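Asker: coordinates only, sequence not included:
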């Protein structure tokens, strides 16, 4: 005759031994949040100790909230970045949540204020490299809140990592292709947001450096600051074209590609110039297909988002895609021309 069997442990047994309610046990085991880390760990350890027969979440992994701070979200690159982060956040651990903060401008004081008031556990931010930004990041570091910068490297701060491309290399790459496609001597015009914006300054420096070293027959005749505004950029480019009608190439290191298009189509120049810009958007895709744009250098928003999340997952002890320490950005530049544009859906 078989002896009495021990009944299987149930949620109410976990609740009784852990000294909490069954609703709390249910929240912990189904990872619904709103439970302190201390209670969460106690419930999971109790469930494991009494042999509750179900897959249990690891007790050592904290709930983390990531605050993505984006200035000027209306810019195409920033729109793409937000989409990529949202899509990737759906596929990572349920204990990780994404919160997006959008700002009306990229002024250092605006971004620094958003950094300082965050109540999340980690921050991913697009911001200019300015002392007030670096100070805000250092304050977050002191509070135990890691910061990953995207698009623009915030070197000099206590950021955890930079997730982005090498802008100086992008400028040199542009210099190489412009030089190869422009054997004759002549002027070149560069458009940027403003020279105080680090990524744009780095691209211009790389472009100028390459031309001086390998293509002295090409000269940067104008650097136009358009603040990434298409109307302002168009007006300032057209003024430059009237003074320099023999311009051979335009390098837009910023985001106002539609302003460049309008200025070229004003037919001020003696002949249509080479036009190299940045980012693969619906507008640059159309311009490449039409032959108005020559090349565009894309900085991979998806891979920037992926690397940012990989770094933070590793920092907080999660099992994710492998990422080595110290965290060094591995985001490549992708060059697109008329012949390798990805098909549209």
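Answerer: All right, it came through fine. Predicted model only: the values in this text are computed from it and were never measured.
Asker: can you list the buried residues in stretch 318-335?
Answerer: 318, 320, 323, 327, 329, 331, 333, 335 (16 or more other CB atoms under 10 Å). Heads up, the C-betas are built off the backbone N, CA and C, glycines and all.
Asker: quick check: bridge partners of the last one?
Answerer: The residues paired with residue 335 through beta bridges, assigned by DSSP bridges, are residue 297.
Asker: for it, what are its contacts?
Answerer: Residues in contact with residue 335, defined by CB atoms under 8 Å, 6 or more residues apart in numbering, are 173, 177, 295-298.
Asker: sorry, back to before: would you format the buried residues of stretch 318-335 as a markdown table with distance to residue 17 and pLDDT included?
Answerer: A markdown table is the format used below for the buried residues of stretch 318-335 (distance: CB to CB, whole Å; pLDDT from 0 to 100):
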| residue | distance to residue 17 | pLDDT |
| --- | --- | --- |
| 318 | 28 | 78 |
| 320 | 32 | 72 |
| 323 | 38 | 89 |
| 327 | 41 | 95 |
| 329 | 47 | 94 |
| 331 | 48 | 95 |
| 333 | 56 | 96 |
| 335 | 61 | 97 |
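Asker: with those residues in mind, which one is nearest to residue 219?
Answerer: residue 335 (23.8 Å; CB to CB).
Asker: before we move on, back to that, quick one: which of the buried residues of stretch 318-335 sit in strands?
Answerer: residue 335 (DSSP state E).
Asker: how about JSON lines for the buried residues of stretch 318-335, with distance to residue 66 added?
Answerer: Formatted as JSON lines, those follow (distance: CB to CB, whole Å):
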{"residue": "318", "distance to residue 66": "12"}
{"residue": "320", "distance to residue 66": "13"}
{"residue": "323", "distance to residue 66": "15"}
{"residue": "327", "distance to residue 66": "15"}
{"residue": "329", "distance to residue 66": "18"}
{"residue": "331", "distance to residue 66": "18"}
{"residue": "333", "distance to residue 66": "25"}
{"residue": "335", "distance to residue 66": "31"}
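Asker: pick the one among the buried residues of stretch 318-335 closest to residue 140.
Answerer: Distances from residue 140 to these, taken by CB to CB, are shortest for residue 327, at 16.4 Å.
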